[in-house]
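A.B. asks: everything below, folded, please.
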Amino acid sequence: MSGPDFGVHGDDAELVEVEPETKQEVLENKDVVVQHVHIDGLGRTKEDLLGYEIAQVFTAKNLIDVMKKSHEAREKLLRLGIFRQVEVVIDTSEGEDALPNGLDVTFEVTELRRLTGSYNTMVGNNEGSMVLGLKLPNLLGRAEKLTFQFSYGTKETSYGLSFFKPQPGHFDRNFSLNMYKVTGQFPWSSLRETDRGISTEINFPIWKTNHTLKWEGVWRELGCLARTASFAIREESGHSLKSSLSHAMVIDTRNSAILPRRGALLKINQELAGYTGGDASFLKEDFEIQLNRRLFWDSVLSTSLWGGLLVPIGDRPSCIADRFYLGGPTSVRGFSMYSIGPQSEGDYLGGEAYWAGGVHLYTPLPFRPGRGGFGDLFRTHFFLNAGNLCNLNYGEGPRAHLQKLAECIRWSYGAGIVLRLGNIARLELNYCIPMGVQSGDRQV
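C.D. replies: Down below sits the predicted model:
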């Protein structure tokens, strides 16, 4: 593009004029109108699906607002999980109907392939696994997804097929259908469990909360993991069928799920089994609360509380697969994984009621090595954990239940170092001192 000629050549000096280019004069504080929004690169995606995601771009009133709403629309398009890349181009409007302050916004998209695959490894809670996945994104053109996943681990092997369908214009409202088979080993109970099941889920937000309604039907096969399994575990062996309805509510204002510096978390779960079939009948409630507050010197104070209650319905006792378990790095540190509470001949049977809590102080490493870089991934960790797991006599009153939960409290304290691995996981190296150890509890 060449600009106007400002050279002066003798008598031609009076003929020099500069044409004002008013259409190029789009300033931050000037009113603009988004006249057209184009989406280039569509193949199998239905255009009506994308109309919901880009509608807010037309409401922009100035250039800054256009850029902001275009960026938000780009994030919404990427969130659909059907595009590999989305670029935004903003230009002045052209054509016979173009306004002096008109703009055109173009989204240049690249769709994902019809079939994608993934391979990764996962490590956590003293377990490692290899995960293979196949995915058919945008199956019917409206962000549907069909996924097959196979996982082979040291303690668990599973495979499953799931179908996911979001509501157009409201991605947080979605429906999923799952079929799966999971075989897991639980050495703390000398138990092997194989689940074959089907489930349906509906997810939706209400105000600042996210809700999940779920139905699950599962055929469970329990068996002994070793010949030395206790008689109590052998009694639990066999087949059972569970059909349950559950509801979960989550409020999460944390800035990070792995190592938050501020915000709070509230989770409440309810599960009712037996009224839609099956031979397992119970009512199960549990919750989790977490509060995080930033203090002086870039330190963070975190407090958490968990609790749960399982009430059998009818004459049959609860199944070992439905009970709660306590102990290990995710609850009460210093104790072996799920090795607190009722047990028989060294096999832990779980409990029908539990609570656990913790206070954690995270601080930067002493003298701040690697500040502003790799060193910021590490935090010094001081903690105090406590909890209890037991069975209740439901013929007694609430006062007796609280008294039993307050008896024989296990607790521990210690310090260590935490390494944050992005927003995926965290590694801890701690020195723990377990206290309140009861007969039968297993320490690390």
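A.B. asks: strands along the stretch 201-350 of the chain, start to end?
C.D. replies: Here the stretch 201-350 of the chain has its strands, by DSSP state E, counting those that start in this stretch, at 209-224, 238-252, 263-278, 282-294, 300-312, 343-344, 347-348.
A.B. asks: what residues of the first one count as buried?
C.D. replies: Spelled out, that is strand 209-224. Residues of strand 209-224 classed as buried under the neighbour-count rule (16 or more other Cβ atoms under 10 Å) are Asn210, Lys214, Glu216, Gly217, Val218, Arg220, Leu222, Gly223, Cys224. Heads up, the C-betas are built off the backbone N, CA and C, glycines and all.
A.B. asks: among these, which two are most distant?
C.D. replies: Greatest spacing in these, by Cβ to Cβ: Asn210 and Cys224 (39.5 Å).
A.B. asks: for Leu241, give the beta-bridge partners.
C.D. replies: Applying DSSP bridges to Leu241 gives these bridge partners: Trp219.
A.B. asks: which residue packs closest to Asn101, ignoring adjacent ones?
C.D. replies: Nearest residue to Asn101, sequence neighbours excluded (Cβ to Cβ, 6 or more residues apart in numbering): Val32, at 4.8 Å.
A.B. asks: can you pull the contacts of the one you found?
C.D. replies: The neighbours of Val32, taking Cβ atoms under 8 Å, 6 or more residues apart in numbering as the test, are Val26, Ala60, Lys61, Asn62, Leu63, Val66, Asn101, Gly102, Leu103.
A.B. asks: can you flag the buried ones in those?
C.D. replies: Using 16+ other Cβ under 10 Å, the buried members of the contacts of Val32 are Val26, Ala60, Asn62, Leu63, Val66, Asn101, Gly102, Leu103.
A.B. asks: between those, which is nearest Arg84?
C.D. replies: Among the buried ones among the contacts of Val32, and counting by Cβ to Cβ, the member closest to Arg84 is Val66, at 24.7 Å.
A.B. asks: what's the helix or strand harbouring that closest one packed up against?
C.D. replies: Element membership of Val66 [criterion: DSSP states H and E] is helix 63-79. On a contact count with 3 or more Cβ pairs under 8 Å, 6 or more residues apart in numbering; DSSP states H and E, helix 63-79 meets helix 47-54, strand 83-92, strand 102-111.
A.B. asks: so which bits of that helix are buried?
C.D. replies: Quick answer for helix 63-79 (16+ other Cβ under 10 Å): Leu63, Asp65, Val66, Lys69, Ser70, Ala73, Arg74, Lys76, Leu77.
A.B. asks: got it, and stretch 393-407?
C.D. replies: His401, Lys404, Leu405.
A.B. asks: export those residues to JSON lines and tack on pLDDT?
C.D. replies: Converted to JSON lines, those look like this (pLDDT from 0 to 100):
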{"residue": "His401", "pLDDT": "80"}
{"residue": "Lys404", "pLDDT": "86"}
{"residue": "Leu405", "pLDDT": "88"}
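A.B. asks: need phi/psi at the most centrally placed residue in the chain.
C.D. replies: Against the mean C-alpha coordinate of the chain, by Cα atoms, centre = their mean, the closest residue is Ala257 at 8.0 Å. Note on Ala257: its backbone torsions stand at phi -80, psi -20 [degrees, to the nearest 10].
A.B. asks: re the thing from before, of the buried ones among the contacts of Val32, closest to Tyr354?
C.D. replies: Ala60 (52.2 Å).
A.B. asks: hang on, that closest one packs against Lys69?
C.D. replies: Yes - the criterion here is Cβ atoms under 8 Å, and Ala60 meets it with Lys69 at 4.9 Å.
A.B. asks: just list the residues touching the nearest residue to Ile289 once chain neighbours are set aside, thanks.
C.D. replies: Closest residue in space to Ile289, ignoring its immediate chain neighbours: Leu305 at 4.7 Å, by Cβ to Cβ, 6+ apart. Contact partners of Leu305, counting by Cβ under 8 Å, 6+ apart, are Glu288, Ile289, Gln290, Trp355, Ala356, Gly357.
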